[in-house]
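Colleague: here is my input; please provide its structure:
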Amino acid sequence: GVQRVLDILKNNTSKVENHKRIVNRCKNLGIKVGGNFIFGTPTETKEEMIQSHKLAKELDLDFLYYGIVTPLPGSMLYEWCRELGLIPENPNYSEWDIGYNFINYGGRSFTCCNTMSNDDFFSFYRKINEDSGNLSVFKEYDSKKAFEKIRQKPLKAISIALKHPIKTFNFLLKEKKSFI
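Modeller: Numbering: from 1, shown residues only. Have a look, this model is predicted:
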């Protein structure tokens, strides 16, 4: 949503204006368009996050997903976050849980957003998700309930399964009956 942040994440290879133009072209052709917006990049300000949220709403996307930047080991983002001191010194990766779109390390969720506290960031992230209708990331994931609703709302159930693949996979391994 904000060019400065996009330049960081995409190494100056992507332009916000191009994304807007492509979304509008697709919509004019009757093509459904979805978008993924990533929040919490180091140095990203709350004002920039608000701008991204406003852009997502302005684009009137058919599908919308808000994620939290996740610096995976070996990536340039990870190295940058380590240099900034945003990742624990000697992390035990077996304690990392990134299944909910943020890193949980040693029982504490954290992001690499260094312009506000973790609590302030997660509070803000919850607010923009609620405002955009993306509430599922904050509901307790209940795979049984999700699969009971497959026949009623198949796209919603698939969306939940895609957002929580590990829990869904584990649930399916445990269950013997078919839900479809």
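
Colleague: please count neighbours and contacts with C-alpha atoms only from this point.
Modeller: OK.

Colleague: mind listing the strands for this structure?
Modeller: 34-39, 63-68, 103-105, 108-110 (DSSP state E).

Colleague: where does the protein dip in pLDDT?
Modeller: 91-110, 134-180 (pLDDT under 70).

Colleague: quick one: the helices in it?
Modeller: 3-10, 16-28, 46-59, 76-83, 118-132, 143-148, 154-163, 165-174 (DSSP state H).

Colleague: buried residues in the first one?
Modeller: Counting neighbours by 16 or more other CA atoms under 10 Å, one finds that the buried residues in helix 3-10 are 3, 5-6, 9.

Colleague: tabulate those residues (CSV), appending distance to residue 118.
Modeller: Below are the buried residues of helix 3-10 laid out as CSV (distance: CA to CA, whole Å):
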residue, distance to residue 118
3, 24
5, 19
6, 22
9, 20
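
Colleague: which one of those sits closest to residue 64?
Modeller: The shortest approach to residue 64 among those belongs to residue 6, at 17.3 Å (CA to CA).

Colleague: how near is that closest one to residue 44?
Modeller: 10 Å (CA to CA, to the nearest Å).

Colleague: residue 66 too?
Modeller: For residue 66, the distance to residue 44 equals 15 Å [CA to CA].

Colleague: for residue 67, give me its contacts.
Modeller: By CA atoms under 8 Å, 6 or more residues apart in numbering, the contact set of residue 67 is 36-39, 101.

Colleague: if you rank those by neighbours, which is first?
Modeller: Tallying neighbours with other CA atoms under 10 Å puts residue 39 at the head of the contacts of residue 67, with 26 neighbours.

Colleague: thought it was touching residue 70?
Modeller: No - contact criterion CA atoms under 8 Å: residue 39 and residue 70 do not qualify, at 9.5 Å.

Colleague: any buried residues in stretch 53-65, and which?
Modeller: Residues 53, 55-56, 59, 61, 64-65 are the ones in stretch 53-65 that count as buried (16+ other CA under 10 Å).

Colleague: what's the closest of the residues you listed to residue 79?
Modeller: Distance to residue 79, by CA to CA, is smallest for residue 65 among the buried residues of stretch 53-65, at 25.6 Å.

Colleague: give the bridge partners for the closest one, please.
Modeller: residue 36 (DSSP bridges).

Colleague: would you mind measuring from the closest residue to residue 125 other than its chain neighbours to residue 68?
Modeller: Nearest in space to residue 125, with sequence neighbours left out and distances taken as CA to CA, 6 or more residues apart in numbering, is residue 39 at 7.9 Å. Computed as CA to CA, the residue 39 to residue 68 distance reads 5 Å.

Colleague: also residue 9?
Modeller: From residue 9 to residue 68 the distance is 12 Å (CA to CA).

Colleague: distance check, residue 69 against residue 86.
Modeller: Noted for residue 69: a distance of 12 Å to residue 86, by CA to CA.
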